[in-house]
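Q: Model the following, please.
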Amino acid sequence: MTAAPVPAASIDFDPARLRGFLGTTMPALTGPMRVERVGGGQSNPTYFLTFDTGGVVLRKRPNGDLPKSAHDVVREHRIIAALAGSEVPVPRALLCCTDADVIGTSFYLMERLHGRIFHDARLPEVAATYRRAYYLEHARGLATLHKADLEATGLARLARPGNFLARQVDRWAGAWEHHHRQEDAAYLGRWLRDRLPAGQRQALVHGDFKFTNVVFDATAPRLVGVLDWELAAIGDPLLDLAHIWSAWWATTPEEYGGLLGTDLDAEGLPRAEEYITAYATAAGIDGCLSSFYKVLALLRNAGIFLGIAQRAAAGTAAAANAAEQGRTADAYLDRAVTVARVYSLSHLARRPWLLGCGRGERASAPHRPEELPHLGHEHVRDLQRREVAAARDRRPATDVERRLGSSPRRRADPDGARG
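A: Numbering: from 1, shown residues only. Here you go, the predicted structure:
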C-alpha cells in the first residue's frame, strides 16, 4: 500500500507506550517500531508501523472530545473482520483495542497491503491505454461489494430501522442550519423529499469507494483491497454509485482530484455513462442513475466538506489542509442546486404546466421562480443552458407552434429563464 507520509510531528500518540503494549499482545512483531503517519484523510488518523519482522497498519480515533458514535474504529474493525473470506477483498484484521490508556483512543491494527493507491482520478501514473481498465475494474469491485451476503457475513445487524434515503436527506440538508447558505440546502431538502424513490434496495454500502480507498495490484488493473470503512452502512447502493459520479465527473482536478473539465477521450478515461453501465452489468441491475441520487450525492459531499471546515476551525480535523478542502463545500452545494434546477427546467421545457418525472421518480408541483436559487459558477450555468436547450429540442412541437410555424428550437431560451 502506498501513501504519502506526513511529518513526524503529526504523530498524536506516544509510540513508546504503544510499543510496550504490542510487545505483550503481538510478540511476533520484533525489533524497533518505526511510525509513519500516512494519507490525507479527514477523519481517522492512519499510520504504518514497521518492525524487523514486517509491517502493519494502525487506524485510530482522532483525539479530542467527540460524540461517542463518531469515528467508530471498532465498528470499522468489525466490518473488515466480517468480510474476511468473502468476495470483497479486505485487509486481514489483526487486533482491536478499546483501552484508551494505551494511545489515548481506541484503535485497531490490520494487515498492510502492497499495491497501488491512486489520489488523482486522471490516473497520471498509468499509461492512457490502460486507464479505462482500472475504471471498469473499479466499477466491478463496487458491484461485488453491493452483492455481499449480509446474513452470511453477519453485517445485516448494521441495518437501522426506517428509510435510509430519507435519513440521508434530513442529515445533509440539516447540516447547513444556521449557515448563510441554509436556504439553498433547505430547497434541496424539499426537492429530494418530493422525489424519494418508492422502492430501495438494501445492501452493504461503503460510503467513499474512491480510488483513494482501494488498493490495486502493483502491476495490473486488479482490485486487491478495500480500505476505510468508517462510512459503511446498510442502505441503497445507488447512493454509493452516485457518490463516485459526484466525486469524479462532477469534481474538478483542482478541487479534489476529479475529472470535471478534463478531455476524457484524449486522456483515455471513460465517461460516466460507461462506468455506470459497467457497474450495472456486474450488479445485474438496470443501468439508470436518476437525478435524485446525483443531487443527494452532491448535497452529501457538500455536507461532508462543511463538516471538515467546522472540524478544522475546532482543531479536530486529521488533515493539515482541512480548511482549504472545507471550502469545497460551496462548490458541491452549487452543483447540487444546478442539477436540481436543470432537471426541473428541462421537464418544464417539455411540459410547462407540470414538473415531470424521470424513470423511477415521482412528479411534483412546480416550484416558484424564487424557490430556484442561483447557479453560481459559469461552467455550471453553461451546463444548465445546454441541458435545457437539449430538452426543448427533443420535445415535439405543440399544436400552437405548428400553426404558428415555430419550433421548440427557435423558441428555446438560452438562459433557461422562461418555461
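Q: From here on, just use CA atoms for contacts and neighbour counts.
A: Will do.
Q: Make sure Ala121 is actually in contact with Gly258.
A: Yes: Ala121 is within contact range of Gly258, at 5.3 Å (criterion: Cα atoms under 8 Å).
Q: So for the nearest residue to Arg160 once chain neighbours are set aside, what's the pLDDT?
A: Nearest residue to Arg160 in three dimensions, chain neighbours excluded: Ile234, at 7.5 Å (Cα to Cα, 6 or more residues apart in numbering). Confidence per residue is given as pLDDT, and for Ile234 that number is 97.
Q: likewise the one 4 residues further on?
A: Leu238 carries a pLDDT value of 97.
Q: just checking, what packs against whichever strand or helix holds it?
A: Remark: Leu238 resides in helix 237-248, with elements defined by DSSP states H and E. Secondary structure elements in contact with helix 237-248, counted by 3 or more Cα pairs under 8 Å, 6 or more residues apart in numbering; DSSP states H and E, are strand 203-205, helix 291-314.
Q: How far away from the center of its chain is the first one?
A: Here the centre of mass of C-alpha atoms in strand 203-205, compared against the chain's by Cα atoms, centre = their mean, to the nearest Å, lies 14 Å away.
Q: Which strands and helices lie in contact with it?
A: Strand 203-205 is packed against helix 128-146, strand 233-235, helix 237-248, with contacts defined by 3+ Cα pairs under 8 Å, 6+ apart.
Q: Show me what the shortest one is in contact with.
A: Residues outside strand 233-235 that contact it (Cα atoms under 8 Å, 6 or more residues apart in numbering) are 156, 158-160, 164-165, 201-207.
Q: coming back round to it: shared neighbours, Ala121 and Gly258?
A: Residues touching both Ala121 and Gly258 (Cα under 8 Å, 6+ apart) are Trp248.
Q: Strands along this structure, start to end?
A: Along the chain, the stretches classed as strands by DSSP state E are 34-38, 46-51, 54-60, 93-97, 107-111, 203-205, 214-216, 223-226, 233-235.
Q: Quick one: those strands as CSV, columns for mean neighbour count and distance to Phe13 too.
A: Putting the strands of the chain into CSV (neighbours: other Cα atoms under 10 Å; distance: least, Cα to Cα, whole Å) gives the following:
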stretch, mean neighbour count, distance to Phe13
strand 34-38, 18, 10
strand 46-51, 20, 11
strand 54-60, 20, 10
strand 93-97, 18, 14
strand 107-111, 21, 11
strand 203-205, 22, 31
strand 214-216, 24, 26
strand 223-226, 22, 26
strand 233-235, 22, 29
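Q: Any idea which of those gets closest to Ala278?
A: Shortest distance between Ala278 and the strands of the chain, using Cα to Cα, is found for strand 223-226: 15.2 Å.
Q: which residues touch Phe118?
A: Phe118 is in contact with Phe211, Thr212, counting by Cα under 8 Å, 6+ apart.
Q: Quick check on it: phi, psi?
A: Here the main-chain torsion angles of Phe118 (degrees, to the nearest 10) amount to phi -100, psi 140.
Q: Can you give me the distance of it to Tyr134?
A: Counting by Cα to Cα, to the nearest Å, the gap between Phe118 and Tyr134 amounts to 10 Å.
Q: and if you look at Gly85?
A: Using Cα to Cα, Gly85 is found at 23 Å from Tyr134.
Q: rewinding a little: how about the strands of the chain in a markdown table, adding distance to Ala242?
A: Compiled in a markdown table, those are given as follows (distance: least, Cα to Cα, whole Å):
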| stretch | distance to Ala242 |
| --- | --- |
| strand 34-38 | 27 |
| strand 46-51 | 26 |
| strand 54-60 | 27 |
| strand 93-97 | 29 |
| strand 107-111 | 29 |
| strand 203-205 | 12 |
| strand 214-216 | 17 |
| strand 223-226 | 18 |
| strand 233-235 | 13 |
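Q: For Leu306, which of the ones you listed is the nearest?
A: Distance to Leu306, taken as Cα to Cα, is lowest for strand 233-235 among those, at 21.0 Å.
Q: need the contacts of strand 233-235 in CSV with pLDDT, can you?
A: Written out in CSV, the entries for the contacts of strand 233-235 read as follows (pLDDT from 0 to 100):
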residue, pLDDT
Ala156, 96
Leu158, 93
Ala159, 95
Arg160, 93
Phe164, 96
Leu165, 97
Arg201, 90
Gln202, 94
Ala203, 97
Leu204, 98
Val205, 98
His206, 98
Gly207, 96
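Q: Derive a PyMOL selection command for the buried subset of those residues.
A: The following PyMOL command selects only the buried members of the contacts of strand 233-235, with burial defined by 16 or more other Cα atoms under 10 Å:
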select buried, resi 156+164+165+202+203+204+205+206+207
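Q: Quick check: the two most widely separated of the contacts of strand 233-235?
A: Maximum pairwise distance among the contacts of strand 233-235 (Cα to Cα): 17.3 Å, between Ala156 and Leu165.
Q: Could you find the closest non-adjacent residue to His119?
A: Taking Cα to Cα, 6+ apart, and ignoring the residues beside it in sequence, His119 has Thr212 as its nearest neighbour in space, at 5.3 Å.
Q: how many other residues sit next to that neighbour?
A: The criterion is other Cα atoms under 10 Å. On that basis, Thr212 has 21 neighbouring residues.
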